[in-house]
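Participant: sequence and computational prediction follow.
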Amino acid sequence: MRIGMLLACALSQSAWALAPCEPTSQVGNWCEVSITELHPTQGGVGQLQVDATQRELADKSAEQLDKLMKKKEIPVVIAPDGGYWLVDRHHLTKALWQQGVKQARVKVIARLQDKTNFWSQMQNNHWAWLKDEQGQPLTPEQLPKHIGELPDYPYRTLAGQLQDAGYFSKKDQVYFVEFAWASWLGQQMDWQVVNAANLGDRLSQAKRLACSSKASTLPGYPGKQCRVNQSKSAS
């Protein structure tokens, strides 16, 4: 815990400090905002993935984390009321918050001013995922209010690991692809328990499913690793 507090203190004085975000911040600009002001646009996260990211952050110096944050863009949309909506990097942001980091550097990717059509615009642009882990609809009001309130979606962890292993790709920078895979994997695996103890076995099962024709309608199918496996089988 002491390491986390020291890291958070160092970050507050680091070279990556930027001008604070404002409701009038221009699209394309980077700015700094309190993590508590970032509103999630999805219903949950893979907590095992968040915890793994936090452990990686704990081993980094402030300078190393500065370089990481310049590479890992945290995109936000500014709402008509001036609120900041996080449209990607929920796992990284929650890991930062768990580590005791108070401020995040973000990039403004849009400012929406039509209050009536705000959520339809968010969904049309793939900037919100209004479904729970099992693919059931969520209303905007049901989304967690704060990054720290995001519940655990174990199959989102499984989908994240599957993507990292190259079994599906995130095409055209479309956000929330992993959630489509998480819901599908849960359905195929009868929502068996996924935890730290059995994650390896569940991932092996998910890899086989990801390369099957059953997954052909999912975004990013087939992944690079599936094509590699197919080539090996044919040779």
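Facilitator: Yes, it's here.

Participant: low pLDDT regions in the chain?
Facilitator: Within the chain, the segments meeting pLDDT under 70 span 1-17, 171-173, 230-235.

Participant: so in it, which strand runs the longest?
Facilitator: strand 103-111 (DSSP state E).

Participant: strands of the protein, start to end?
Facilitator: Using DSSP E, strands in the chain cover 30-34, 38-40, 75-78, 84-86, 103-111.

Participant: residue 208 - how many residues pack around it?
Facilitator: 11 (other CB atoms under 10 Å). Backbone N, C-alpha and C define where each C-beta goes, glycine included.

Participant: would you mind measuring from it to residue 158?
Facilitator: 13 Å (CB to CB, to the nearest Å).

Participant: just residue 186 next, same as before
Facilitator: 8 Å.

Participant: looking at the two, which one has more neighbours?
Facilitator: Higher neighbour count among residue 186 and residue 158: residue 158, with 25 against 21, using other CB under 10 Å.

Participant: pretty sure the more buried one contacts residue 184?
Facilitator: No: here residue 158 does not reach residue 184: they are 10.7 Å apart, not a contact under CB atoms under 8 Å.

Participant: neighbouring strands for the longest strand of the chain, and are they parallel or not?
Facilitator: strand 30-34 (antiparallel), strand 75-78 (parallel) (DSSP bridges).

Participant: any idea which of those is most buried?
Facilitator: strand 75-78 (a mean of 22; mean count of other CB atoms under 10 Å).

Participant: other residues contacting it?
Facilitator: 21, 23, 25, 33, 38, 84-89, 106-112, 122, 127 (CB atoms under 8 Å, 6 or more residues apart in numbering).

Participant: from those residues, list the buried ones, please.
Facilitator: 21, 25, 33, 38, 84-89, 106, 108-112, 122, 127 (16 or more other CB atoms under 10 Å).
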